[in-house]
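**Q** Take a look and give me a structure for this.
(one chain, ligands or ions: 1)
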Amino acid sequence: MDVFLNTLSAVPWWGYVLGFLAIVAIRDIFFQKAHTISHNYPVVGHLRYWLESIGPEMRQYFVANNREELPFNRIERGWIYASAKKENNYEGFGTDRDIYAHQHIFVKNQMMAFKTSEGHPNTEHKDFVPCAKVMGAYNKRRKPYRPASVINVSAMSFGSLSAAAVEALNKGVAKAQAFHNTGEGGLSPYHKQGGDVVFHFGTGYFGVRSSDGNFSLEKMKQLVEDNPCIKAIEIKLSQGAKPGKGGVLPGAKITKEIAEIRGVEVGKDVLSPATHKAFSNVSELMELIETIADATGLPVGIKGAIGKLDQWEELAEIMLKTGKGPDFIAVDGGEGGTGAAPPSFADHVSLPWVYGFSSLYKVFQTRNLTNRIVFIGSGKLGFPAKAAMAFAMGVDCINVAREAMMSIGCIQAQICHTNKCPAGIATQNKWRQNGISIPLKSDRLAQYFKTFRKELVEITHAAGYEHPCQFTMHDIQVNVDDMDLTRNLRTTYGYNKTLVPFQGTQELYDCAYLGGKNFD
Ligand SMILES: Cc1cc2nc3c(=O)[nH]c(=O)nc-3n(C[C@H](O)[C@H](O)[C@H](O)COP(=O)(O)O)c2cc1C
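**A** Numbering: from 1, shown residues only. Next up is the predicted model:
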């Protein structure tokens, strides 16, 4: 034994390293068949896989310039992080953007900015910007709802997000008087932390599902009766990242609790079907909207990504004939995010937000229907200047998903589909989500929303208006190409937004249907 130990200790340290590398080389050449590169280049071939795996982080931290990365570049992320932390979110020395670049947008400022008088709601509450329209007012729903914030949390389910993240978002919206869309996974206890809720369901009907996997009106009624925090209901037709694909929640994320809330099996991928069982054509969809609204008294809307317009035209025609219809329409852009989707869908199916929304808006505008509907836009719109453009095109509210995630600590690792989210947000791993401090992160979401609204109001005032609903297509210019240089939105998209009836912010402040709880 001593002889053996003495021999081992006589071997220099580099002898062990060489021995280890020799074993790796033998394995690479003779015992593994999966990787040609490591077979042909034993040992060094591993470097390639390792470098590839840390490539995204290296590029993000050291190589990519400030405006280069997608979906959100460093300047955009930095603005959200700083706004959420109430840190200095200003830029020094001037813009670092090429403001002559194609598609760059400009907001036209007024010679003299809008001045708030003494006693004006914005004099005291600089970030008070409620929706200028009331959901369900036109259709005389029993419980109309005016979102108290023009920026709200978009659909993201408990399942795709962790319990800690959902709770932080809900407590955050409560602090910011905004609403929280549940996403497809049903209403969990983490959604019931004081914030207004928009209950969203898709083809899986999670939370309102009958035993045969269809939609249950009884369960919907009961859910609304038991949960006064639900202020509106959204039927998901599609989302920008994967229209017509249905939902994919990887088995790795299906814990016992999620399985119970959704009525599915632990550990197995949940694929919600591509199409709805509860309706198969536009008339049936219209019937379902009315049935749910009658049964619950709540405003009912739809969410969709835009491609072909014929069925939307049919919907508008039926609205015209019947005088009924959805109380709100959420339009998601092809650039929208997702918990998990095939790249072929995320990259190519459905139109980017500006093209999708402008085409859809015209469908309703030509029939004089726009003022019946609250239009919600989503797809990287959580930045004040981009939101001003969206308001000029006709939206009444903005929904944000990934921007909200970033405000509570998402670092854009882009691995929401693996259950390995390093920030504890898009994972069901208990240890990772324990890193989320719910009181702190809910403050950050609220602060991001408040900063966003304050800057949006300031841009609005700079343009000479009182509320962003007053933006018109002539107020925003967009760079097009060398021939025209820059055009206003009216010329680019071929319509003038229908003016939203607006009597002043005070009237919104005094509205009996205003959501949120307090404004201090
Ligand atoms: C993690 C995650 C989960 C999502 N889950 C849903 C969902 O359940 N239903 C849905 O309609 N959209 C879902 N979306 C899409 C968002 O609601 C939103 O429409 C889209 O991301 C565009 O907004 P954004 O650019 O602000 O992220 C999800 C997005 C993310 C990032």
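**Q** Asn152: which element?
**A** Here Asn152, judged by DSSP states H and E, is contained in strand 151-153.
**Q** does the ligand sit close to that strand?
**A** No - using Cβ under 6 Å from any ligand atom, strand 151-153 never reaches the ligand; the gap is at least 8.5 Å. All C-beta spots, glycine's among them, are computed from the backbone N, C-alpha and C.
**Q** on contacts alone, who are the packing partners of that strand?
**A** Contacts defined by 3 or more Cβ pairs under 8 Å, 6 or more residues apart in numbering; DSSP states H and E place strand 151-153 against helix 163-176, strand 179-181, strand 397-400, helix 438-462.
**Q** out of everything not next to it in sequence, what's closest to Gln177?
**A** Leaving aside its sequence neighbours, Gln177 sits nearest to Gly516 (Cβ to Cβ, 6 or more residues apart in numbering; 2.6 Å).
**Q** secondary structure element for the one you found?
**A** Under the criterion DSSP H and E, no helix or strand holds Gly516.
**Q** Over to Glu314?
**A** Going by DSSP H and E, Glu314 is in helix 310-322.
**Q** send the alpha carbons of that helix over as PDB?
**A** Provided in PDB are the C-alpha atoms of helix 310-322 (Å, rounded to 0.1, in the frame of the first residue of the first chain):
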ATOM      1  CA  ASP A 310     -61.500  38.500 -43.600                       C
ATOM      2  CA  GLN A 311     -62.800  37.100 -40.300                       C
ATOM      3  CA  TRP A 312     -62.100  40.400 -38.500                       C
ATOM      4  CA  GLU A 313     -64.300  42.000 -41.200                       C
ATOM      5  CA  GLU A 314     -67.000  39.500 -40.600                       C
ATOM      6  CA  LEU A 315     -66.800  40.300 -36.900                       C
ATOM      7  CA  ALA A 316     -67.100  44.000 -37.600                       C
ATOM      8  CA  GLU A 317     -70.100  43.400 -39.900                       C
ATOM      9  CA  ILE A 318     -71.900  41.400 -37.200                       C
ATOM     10  CA  MET A 319     -71.100  44.100 -34.600                       C
ATOM     11  CA  LEU A 320     -72.700  46.600 -37.000                       C
ATOM     12  CA  LYS A 321     -75.800  44.500 -37.500                       C
ATOM     13  CA  THR A 322     -76.400  43.300 -34.000                       C
END
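**Q** Mind giving me the packing neighbours of that helix?
**A** Counting contacts by 3+ Cβ pairs under 8 Å, 6+ apart, helix 310-322 packs against helix 282-296, helix 353-365.
**Q** Rounded mean pLDDT for it, please.
**A** Helix 310-322 shows a mean pLDDT of 98.
**Q** buried set for it?
**A** 312-316, 318-319 (16 or more other Cβ atoms under 10 Å).
**Q** got CSV for those, with distance to Phe72 too?
**A** CSV is the format used below for the buried residues of helix 310-322 (distance: Cβ to Cβ, whole Å):
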residue, distance to Phe72
Trp312, 29
Glu313, 34
Glu314, 36
Leu315, 33
Ala316, 34
Ile318, 38
Met319, 36
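**Q** Which of those residues sits closest to the ligand?
**A** Nearest to the ligand among the buried residues of helix 310-322: Trp312, at 17.2 Å, using Cβ to the nearest ligand atom.
**Q** how many other residues sit next to the residue nearest to that closest one when sequence neighbours are not counted?
**A** Nearest non-adjacent residue to Trp312, counting by Cβ to Cβ, 6+ apart: Val363, 5.1 Å away. Number of residues near Val363 (other Cβ atoms under 10 Å) recorded here: 19.
**Q** Same check on Lys86?
**A** Neighbours of Lys86 under the rule other Cβ under 10 Å: 13.
**Q** Check Val400 too.
**A** Residues lying near Val400 (other Cβ under 10 Å) number 28.
**Q** Leaving out chain neighbours, which residue sits closest to it?
**A** Spatial nearest neighbour of Val400, chain neighbours left out: Gly382 (3.8 Å); criterion: Cβ to Cβ, 6+ apart.
**Q** count of residues packed around that neighbour?
**A** Using other Cβ under 10 Å, Gly382 has 27 neighbouring residues.
**Q** ok but it is inside a strand, no?
**A** No - assessed with DSSP: H, G, I helix; E, B strand; the rest coil, Gly382 is coil; it does not lie in a strand.
**Q** Please report the distance of it from Ile80.
**A** Gly382 is 7 Å from Ile80, where distance means Cβ to Cβ, to the nearest Å.
**Q** got it, and Asp475?
**A** Asp475 sits 25 Å away from Ile80, going by Cβ to Cβ.
**Q** And for Lys441?
**A** Distance check for Lys441 against Ile80: by Cβ to Cβ, it reads 13 Å.
**Q** Enumerate the residues of the chain near the ligand.
**A** 154-157, 160, 183-184, 236, 239, 303, 332, 336-339, 378-380, 382, 400-403, 416, 426.
**Q** ok, back up a step: hey, what's in contact with both of Gly382 and Ile80?
**A** Jointly contacting Gly382 and Ile80 under the rule Cβ atoms under 8 Å, 6 or more residues apart in numbering are Glu403.
**Q** okay, stretch 120-129 in CSV with CA atoms only?
**A** Extracted C-alpha coordinates of stretch 120-129, given in CSV (Å, rounded to 0.1, in the frame of the first residue of the first chain):
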residue,chain,number,x,y,z
HIS,A,120,-55.6,69.4,-12.2
PRO,A,121,-55.2,65.7,-11.3
ASN,A,122,-51.7,65.7,-12.9
THR,A,123,-50.5,68.6,-10.8
GLU,A,124,-50.8,66.4,-7.7
HIS,A,125,-50.5,62.9,-9.3
LYS,A,126,-47.9,63.3,-12.0
ASP,A,127,-48.3,59.7,-13.1
PHE,A,128,-52.2,59.6,-13.2
VAL,A,129,-53.0,58.4,-16.7
